[in-house]
Every structure is written in structure tokens, then in C-alpha cells.
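Undergrad: Just to be clear, the model below is a prediction. Sequence and coordinates:
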Amino acid sequence: MPNSRKSMKTRIAAFALSILVSLTGLQACFTPVLAFPSVPEAVLKKPVAVVEDSVSTYVPSAAAPGNGIAVNIIFPEKARYKAGAPIAIVVNGNELLSLQMSMHAANSGIAEVRFAYPGKGTKLFHSDGIFDNFGDCCSTALKDVILFMKGESNDYKGRSVREIIPVPLDQSVVGLVAWETGANLALVTMAKFKEKIPFISYLAFFEGAAGAMFFPDCLGTVKDLSLNRHYKEGSAATGQILVDYRKLMFSPNAKLHPGVAKRKGDTEIPGVLYFDENGNKQWDEQLEYPIPYASEVGLDKQIYAPPVTEALIRHTVFVKSLPKPPEKKDDTKDKDGKDKKDKDKAKKDNDDSDTDSQDDKKVSKGKDKGDSKDQGDGDEKTASKKPKKQSFLELLRWPRSVATLAESKAYFESRDGSLYVKEVCEAYPKLLVGLFGAVVGHTQRQPDHPHIALLYNQFLDAKPRWMRLNPEPVYVSTLCRSNIQNFQRQTNEPNSTLDAANIISHLAPLGLVPEYAWMDALVAELSDRSKSGNLKSPLDSVLSEYTPIADPSKVEPEKPDSKPGIKPKTVGAKEAAGNKDDGKASP
């Protein structure tokens with residue numbers, strides 16, 4: 001009887017769960033932003049866990065006067081090549097996570113380099129200087145880290161990188177791994193310092209979001225309550241992101257994400273630029289998409305991307321949004337509308353007539369001069385004075401808290417990596433390029449994956465030596481000890497065009513391996529191709545055979561047999577610890 005009751009409860013619970021799933025799925029069809037799917041860890045095939053030791057130091061840089069740039073290097077116990085471990089420098093798009101996040105490149109025998117941007121890091125380990133929101137200071141810092149890892153400069157104690165790393169490094173392979181909007185900084189730095197760092201072997205992008213429209217994101221991310229529904233889906237693949245800006249309005253007193261700027265140490269600037277969906281000229285945070293803005297140190301202005309700023313001018317957004325400023329009072333007129341100069345002149349004439357004759361002569365001479373001055377210059381100026389013409393910005397009612405178009409272009413010129421794709425490909429003729437993109441974006445949320453389509457096609461037009469979307473299947477399967485057939489359905493040929501209308505078919509599936517494993521595989525492939533010069537595809541095996549040394553403390557024990565009536569075998573402390581003589585963990 002108890003078993004039947006338990007069975008009944010189980011059926012009821014299962015039925016309720018199925019209804020809940022159905023309702024949730026139905027609701028998701030009408031939800032503009034999908035939650036990032038959480039895949040249970042037990043389902044994923046993960047790489048062999050290895051020992052990930054690291055060393056930290058400071059690298060001198062003009063961008064960080066004082067100690068310099070805080071650098072942390074995670075090195076593998078076993079290098080990928082006989083010559084040493086190739087080098088992968090992570091260019092993070094999040095300044096707060098640049099020292100915390102790891103892609104576990106040590107799994108593939110690669111040295112992973114992380115660094116804190118100027119003015120950022122932890123309390124005990126940070127870079128000196130001022131964070132300029134991925135501007136010139138950040139690009140200078142990245143350049144100095146690259147030179148240090150290449151062996152062309154020393155740390156703050158005068159040591160080379162080889163002196164502080166206990167494993168050999170293969171400095172002939174130095175690549176940049178750009179994480180999300182870090183793509184902008186990587187491209188800008190390579191273009192800006194092409195004569196100093198011409199040796200960069202490859203560029204690997206994790207969901208590369210390059211361009212002013214993604215920095216900050218103007219199309220919608222996982223953090224937004226809704227997407228920018230005015231974006232024309234598919235336009236990014238053509239090389240130009242098209243947005244219908246006709247409903248743009250500006251709320252001068254509203255605040256976008258109040259308190260966030262203060263926590264980051266920035267000035268909070270009032271004003272929200274948004275799409276006025278219902279036409280009531282009031283921002284509804286729950287329904288109406290706001291366009292984010294960038295900020296600059298020492299400039300208390302909202303800096304919008306150049307295409308957005310051009311739309312503000314084209315559609316006279318501030319004229320529609322803001323009240324007409326009051327007319328300035330004319331100080332040359334009195335309350336009756338008479339000229340104040342005429343009244344002063346008449347009063348002066350009356351005072352002069354009361355003086356004696358001797359003084360009259362003196363005054364007369366002085367008066368004649370004064371009269372000639374008044375009648376010549378002063379009266380003529382008064383008579384010919386015209387109302388002051390309004391400037392272009394005044395006509396547009398442009399707020400002082402919003403950057404002008406010239407200021408916007410100057411700001412993004414040193415931060416928009418998409419402006420330099422062609423220059424980078426020309427300056428680095430041997431450069432290999434790889435992009436990773438998943439069917440569900442990590443941050444971006446537009447269904448056509450505009451960040452992937454835009455960057456991929458820009459590189460394709462620039463004709464780099466070799467590029468592809470997502471790694472060779474054999475690299476993923478080898479790294480995660482999985483069947484290669486699981487990854488062959490999304491195989492993309494190198495230097496091939498993408499079907500933008502069906503871009504999902506080109507993207508990596510979820511639920512097979514962790515996201516970092518895709519990047520590990522991509523970085524390993526790019527390193528091997530750079531080292532060997534082999535650009536053939538598809539591959540039957542990886543170009544450099546590598547067997548990682550497992551970390552005994554991270555080896556997951558097998559689950560005991562749970563069949564009814566069979567008890568699991570008792571394992572002693574010695575067996576659980578593994579055979580220390582051969583360094584292998586017991587099964």
C-alpha cells in the first residue's frame with residue numbers, strides 16, 4: 001500500500017511537472033529575451049582536469065606608472081611542444097574579470113596569460129594607472145604585456161618571463177584570445193602597434209563583438225529586459241547594422257541603471273535615450289528599450305555610438321523631446337523698450353550744460369571727442385546690431401551632457417576594432433583567425449547573431465591567410481574524449497561564406513562540452529597550425545599529439561554499482577589515494 005501511494009505521488013508530480021514545462025515553453029515563445037540554458041555539469045564531457053599553477057608579476061608600462069601592469073601566467077605541468085608551451089594572451093572585454101576568468105588552456109599544454117587593465121585588479125594585486133574604458137592606456141598596457149611574453153622586455157625586477165616560469169615557453173607562437181568586446185581592444189592594439197608586435201601568430205575570438213554598436217551593446221543583451229526590436233534582422237551580415245531610429249526620444253531626468261556608475265567610480269549622468277513605443281514621451285523601463293552610452297575619464301557626457309549620434313541629428317530627437325529654452329533678455333533695452341545708451345547720453349548732455357565756460361571749453365573738447373566716439377562707433381554698432389544667430393547645436397537643443405558627433409567619432413576611433421580589420425589583415429599576412437559562436441549567445445541576444453555575422457564577414461572581405469568559424473571537430477573530440485561525430489554536423493570550411501539566413505547551422509551546439517572547451521580546442525588548433533604551417537581541413541587527427549597529465553586531486557571517482565542487493569566494494573584510504581609510486585589514481 002505504501003508503495004502504491006508513493007507511485008501515485010510520483011505520477012502526480014510528473015504530470016504537474018510536464019504541465020509546468022509546457023506552460024513555460026509556451027510563454028518562452030512570447031518572451032523577447034531567452035534565459036541562458038543551464039546544462040547540468042554531469043551531462044557535459046569535460047577535458048582532463050590538470051594542475052593549473054601560476055606565477056604573478058608586474059610589467060612596466062607607460063600606462064601604469066609605478067609598479068606597472070599586474071600579470072598572472074597559468075602554466076601547464078607538461079608543455080604542448082618539445083620547444084615549450086605556446087602562449088595565449090587573454091584580452092577580456094570585462095575589466096572586472098580580467099584576472100579572475102580562466103579558459104583552462106593548461107588542459108592543452110598552453111600558457112594562459114591574464115592581466116589587469118590600468119587602474120583595475122584586486123586590492124592586493126592590481127595595475128597602477130587609470131582605467132580609460134579600453135582606450136589608449138589599455139592598448140598600451142596590452143602591447144607591453146605582449147612584448148614581455150615574447151621575451152623583448154623584463155618585469156619590474158628586471159627578470160625575463162623565462163626566468164619566472166618553471167616550464168619552457170615556445171615564444172614562436174604568441175596569440176591573442178579576445179573575449180567578447182575584448183575583440184575591439186585586440187584589433188586596435190594590433191593596428192596601432194603593428195611595427196612593434198608584428199609576430200602575433202593568431203587571433204581567437206570568443207563571441208567576438210567588435211564595433212561601436214556592441215560597445216556598449218545597442219541591440220540587446222542578457223541583462224536587458226527586452227531586445228531592440230527596431231534592429232533590422234540580417235543587416236549585420238551585409239556589413240552595416242541597420243536600425244529604425246524614428247521613435248527615438250530622450251528623457252532628460254531619468255537615469256539608466258541608477259547606482260551602477262557610482263559603484264564603478266564613474267559619474268552618474270542623468271538622461272535616457274529610448275524608443276518611445278507608445279508615443280507618450282515618458283520612458284517605460286519595463287517595455288521600452290533604452291540605448292546605452294559609453295563614458296570617458298574627465299568627460300561627464302553620455303557618448304553614444306556614431307550611428308546613434310547621427311540619428312539624433314537626423315531625426316532632431318532633442319527638439320522633439322526637450323522644451324524650447326527661454327529667450328535671453330536684451331541688456332541694451334530698459335523695461336519700456338528704450339535704448340539704455342540713448343538715456344545715458346541725454347543725461348550726460350544735461351550734466352555738461354551746468355559747467356562754467358572755462359570748463360565748458362575743456363569739456364567741449366572732451367565732449368566732442370566723446371560725441372564722435374559715441375556717434376561713430378557706439379551708435380553705429382547699436383543701430384546695426386542683429387539678433388545673435390543660434391549655433392547648430394542650439395538649434396538642435398543639444399544637451400551639454402551628451403557628446404557631439406565629433407566627440408563620439410574621436411572616442412570610438414581609438415576603441416572600435418571593426419575599423420581596423422582590413423589594416424590588421426594587411427599588416428599581419430601570416431595571421432590565422434578563429435571565431436567561436438554558439439547557438440545561444442553568451443551575451444548577445446538577437447536571433448541572427450549580428451556580432452558573429454558582422455565580424456566574420458569583415459574578416460572574409462579582408463582576406464586573411466586563414467580563418468574559420470568554430471574549431472576543427474577532431475580537436476574538440478580529442479580534448480573532451482568524445483565521439484567526433486557529435487561535432488561534425490556543424491563543421492565549417494575555412495575561408496568559406498556563411499548562410500546568414502541560416503546562421504544557426506554554422507554555430508556550435510550546447511550540451512555536449514563546456515564552452516571553455518570549445519575555446520581550448522580553437523586555441524590549440526590555431527597554435528598547432530601556426531607552429532606547423534599545416535592549413536589543411538578537414539583533419540583526421542590533431543596536428544600535435546598531446547596527452548595531459550591529470551591532476552590526481554581532481555579525478556572524479558566512478559560511481560559504485562547501485563543495483564539492488566549488491567553492496568559497493570569498500571575502498572581503503574590507500575586505495576582511495578591511489579598508488580603513489582606510479583602517480584596514478586586507482587579506478
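TA: Structure's in. What do you need? Residues are numbered from 1 along each chain as shown.
Undergrad: Mean pLDDT per element in the chain, and the minimum belongs to which helix or strand?
TA: When the helices and strands of the chain are compared on mean pLDDT, DSSP states H and E, helix 573-577 comes out lowest with a mean of 30.
Undergrad: Next up, the contacts around Lys531.
TA: Counting by C-beta atoms under 8 Å, 6 or more residues apart in numbering, Lys531 touches Tyr81, Pro86, Asp170, Ser172, Val173, Leu543, Ser544. Using the backbone N, CA and C atoms, a C-beta is placed for each residue, glycine as well.
Undergrad: Go through those residues and flag which are in strands.
TA: Pro86, Asp170, Ser172, Val173 (DSSP state E).
Undergrad: about what we covered before: and the furthest pair within the contacts of Lys531?
TA: Longest distance between any two of the contacts of Lys531 is 15.0 Å, between Ser172 and Leu543; criterion C-beta to C-beta.
Undergrad: any idea how far the residue most central in space within the chain is from Gly511?
TA: Closest to where the C-alpha atoms of the chain average out (C-alpha atoms, centre = their mean) is Thr181, at 2.5 Å. According to C-beta to C-beta, to the nearest Å, Thr181 stands 26 Å off from Gly511.
Undergrad: secondary structure element for Lys301?
TA: Counting by DSSP states H and E, the element that carries Lys301 is strand 299-303.
Undergrad: nope, Tyr475 is what I was after
TA: helix 473-480.
Undergrad: Could I get the CA-only coordinates of that helix as CSV?
TA: What follows is helix 473-480 as a C-alpha-only set of coordinates in CSV (Å, rounded to 0.1, in the frame of the first residue of the first chain):
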residue,chain,number,x,y,z
PRO,A,473,35.8,18.7,-34.8
VAL,A,474,38.8,16.4,-34.1
TYR,A,475,40.3,19.0,-31.7
VAL,A,476,37.1,19.2,-29.6
SER,A,477,36.5,15.4,-29.6
THR,A,478,40.2,14.7,-28.7
LEU,A,479,40.2,17.3,-25.9
CYS,A,480,37.0,16.0,-24.3
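Undergrad: Mind giving me the packing neighbours of that helix?
TA: Here helix 473-480 touches helix 515-532, going by 3 or more C-beta pairs under 8 Å, 6 or more residues apart in numbering; DSSP states H and E.
Undergrad: Now the helix it packs on: buried residues?
TA: By neighbour count with 16 or more other C-beta atoms under 10 Å, helix 515-532 contains the buried residues 515-531.
Undergrad: Return the distance of it from the chain's centre.
TA: Helix 515-532 has its C-alpha centroid displaced from the chain centroid by 22 Å (C-alpha atoms, centre = their mean, to the nearest Å).
Undergrad: Render the CA-only coordinates of it in CSV, please.
TA: Only the C-alpha atoms of helix 515-532 are listed here, as CSV (Å, rounded to 0.1, in the frame of the first residue of the first chain):
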residue,chain,number,x,y,z
GLU,A,515,32.1,26.5,-23.5
TYR,A,516,35.6,26.9,-22.4
ALA,A,517,36.4,23.5,-24.0
TRP,A,518,35.5,24.9,-27.4
MET,A,519,37.9,27.8,-26.9
ASP,A,520,40.6,25.4,-25.6
ALA,A,521,40.2,23.4,-28.8
LEU,A,522,40.2,26.5,-31.0
VAL,A,523,43.4,27.9,-29.4
ALA,A,524,45.1,24.5,-29.6
GLU,A,525,44.2,24.2,-33.3
LEU,A,526,45.4,27.8,-34.1
SER,A,527,48.6,27.2,-32.1
ASP,A,528,49.3,23.9,-34.0
ARG,A,529,48.6,25.4,-37.4
SER,A,530,50.8,28.4,-36.6
LYS,A,531,53.6,26.1,-35.5
SER,A,532,53.4,23.6,-38.3
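Undergrad: Show me where the stretch 151-300 of the chain has its strands.
TA: Using DSSP state E, counting those that start in this stretch, the strands found in the stretch 151-300 of the chain span residues 169-179, 202-206, 248-251, 272-275, 290-291, 294-296, 299-303.
Undergrad: which residues of the protein score low on pLDDT?
TA: Across the chain, the ranges flagged by pLDDT under 70 are 1-43, 259-266, 327-390, 555-587.
Undergrad: Would you mind giving the secondary structure of the nearest residue to Phe214 once chain neighbours are set aside?
TA: Sequence neighbours aside, His451 is the residue nearest to Phe214 in space, at 5.6 Å (criterion: C-beta to C-beta, 6 or more residues apart in numbering). Of the three states, His451 takes helix under DSSP: H, G, I helix; E, B strand; the rest coil.
Undergrad: What is the burial count for His451?
TA: For His451, the neighbour count with other C-beta atoms under 10 Å is 29.
Undergrad: ok, it - contacts?
TA: Glu207, Gly208, Ala209, Ala210, Gly211, Phe214, Ala236, Gly441, Gln444 are the contacts of His451 under C-beta under 8 Å, 6+ apart.
Undergrad: change it to 10 Å
TA: Contact analysis of His451 by C-beta atoms under 10 Å, 6 or more residues apart in numbering lists 180-181, 183, 205, 207-211, 213-214, 217, 219, 236, 241, 435, 437, 441, 443-444.
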